[in-house]
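predicted structure and sequence below. I'll ask about it afterward.
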Amino acid sequence: MLVCYLIIFEVTLSTKLFVGSLPWSATDDSLKETFEAHGNVVSAKVVTDRQTGKSRGFGFVEMESSSDASSAIQALNGAQLNGRSIIVSEAKPK
């Protein structure tokens with residue numbers, strides 16, 4: 001007897017965004033909240049100084065899909081966040 005199984009894998013590739021010119025008051029949660037209005041956020045991280053723990057003024061947001069990422073870039077690049085005009089672009093690989 002021959003038995004065949006069909007297994008379907010759905011692969012979703014998230015897109016990582018660079019967010020620059022962040023206000024010093026920005027937190028991981030506030031960054032995530034800002035981007036959630038434009039799609040599903042996988043993660044949001046404000047980069048901090050290792051010694052002082054203070055924000056370095058930039059961070060990264062990982063969006064669930066490339067269409068969510070494009071929507072966020074269009075809507076938020078140049079937008080005001082706590083009085084600062086932020087820069088949003090697709091992150092470059094390390």
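It's in.

ok, which stretches of the protein are strands?
Taking DSSP state E as the criterion, the chain carries its strands at 15-20, 41-48, 55-63, 80-81, 84-85, 87-90.

right, and these - which one's nearest residue 28?
strand 41-48 (5.3 Å; CB to CB). Where C-beta positions appear, they are placed from N, C-alpha and C, glycine not excepted.

could you list the paired strands of the closest one along with their orientation?
If you go by DSSP bridges, strand 41-48 pairs up with strand 55-63 (antiparallel).

got the angle between the strand it pairs with and strand 15-20?
160 degrees (axes from the mean of the first three to the mean of the last three CA atoms, to 10 degrees).

mean confidence for strand 55-63?
Averaged across strand 55-63, the pLDDT comes to 97.

residues contacting it, please?
The set of residues external to strand 55-63 that reach it, using CB atoms under 8 Å, 6 or more residues apart in numbering, is 14-22, 24, 26, 28, 31-32, 35, 38-49, 69, 72, 91.
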